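J.: next comes the sequence, and after it the predicted model I'd like to discuss.
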Amino acid sequence: MDAAIFTVITGIGATWAIDLWVIGRRRLFATPLPRYDLVGRWIGHLARGRLRHDAIDRSSPVGGERAIGWIAHYAVGIAFAAVLTGVAGHAWTAHPTPAPALLVGIGTVAAPWLVMQPAMGAGVAARRSRPPGAARLQSLVTHTLFGAALYAAAWLARSVDLYRASAG
């Protein structure tokens, strides 16, 4: 399987797994679902030169913000998978193991803590959210699970590719 296709499949698979997780988390713990429309709103304002908002939900809506946010959500998942495959290299893509995927997944928590939450008005590591500790824990758990999902998606993609090659 081509490395680019492997990376895209891994990123989409891991992102989809996280989407399933947040649906389950909502049902189990009554936590709100992520607001990717607000991510799209932030991106829309970013394209107009505005990086930071006091509260993104009070900023003016942007046309197509929901679609923009969902596309960005999956594009970022693919980009993180590209970081993993780029750093771990061909040996990892040929034989995925959990450790590199978990390290990358946990490392991706820097994106919400240091970029998205401050830019959208929640402060560094959600310090302005109520309660901030719960928001931080939720981010850390979700991104750790993203790392596990990167491994699972890579393993599945490699297994299907090997099966196809042996059946072909």
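T.: Nice, thanks for sending it over.

J.: helices of the protein, residue ranges please.
T.: Applying DSSP state H to the chain gives helices spanning 3-29, 36-47, 65-94, 98-107, 110-111, 117-119, 132-167.

J.: okay, angle between the helix or strand of the chain with the lowest mean pLDDT and helix 65-94 too, please.
T.: Among the helices and strands of the chain, helix 132-167 carries the lowest confidence by mean pLDDT, DSSP states H and E, at a mean of 90. Angle between the axes of helix 132-167 and helix 65-94 is 60 degrees (criterion: axes from the mean of the first three to the mean of the last three CA atoms, to 10 degrees).

J.: from the chain's centroid, how far away is helix 132-167?
T.: 10 Å (CA atoms, centre = their mean, to the nearest Å).

J.: what angle do helix 98-107 and it make with each other?
T.: 140 degrees.

J.: and helix 132-167, what does it pack against?
T.: Applying 3 or more CB pairs under 8 Å, 6 or more residues apart in numbering; DSSP states H and E, one finds that helix 132-167 contacts helix 3-29, helix 65-94, helix 98-107. C-beta coordinates here come from the backbone N, C-alpha and C atoms, glycine included.

J.: out of those helices, which comes closest to residue 135?
T.: Closest to residue 135 of the helices and strands packed on helix 132-167, according to CB to CB: helix 3-29, at 13.0 Å.

J.: run through this protein and note the low-pLDDT ranges.
T.: Applying pLDDT under 70 to the chain flags residues 162-168.

J.: change it to 90
T.: Scanning the chain for pLDDT under 90 picks out 1-2, 31-32, 129-130, 160-168.

J.: what is the neighbour count of residue 107?
T.: By the measure other CB atoms under 10 Å, the count of residues near residue 107 is 15.
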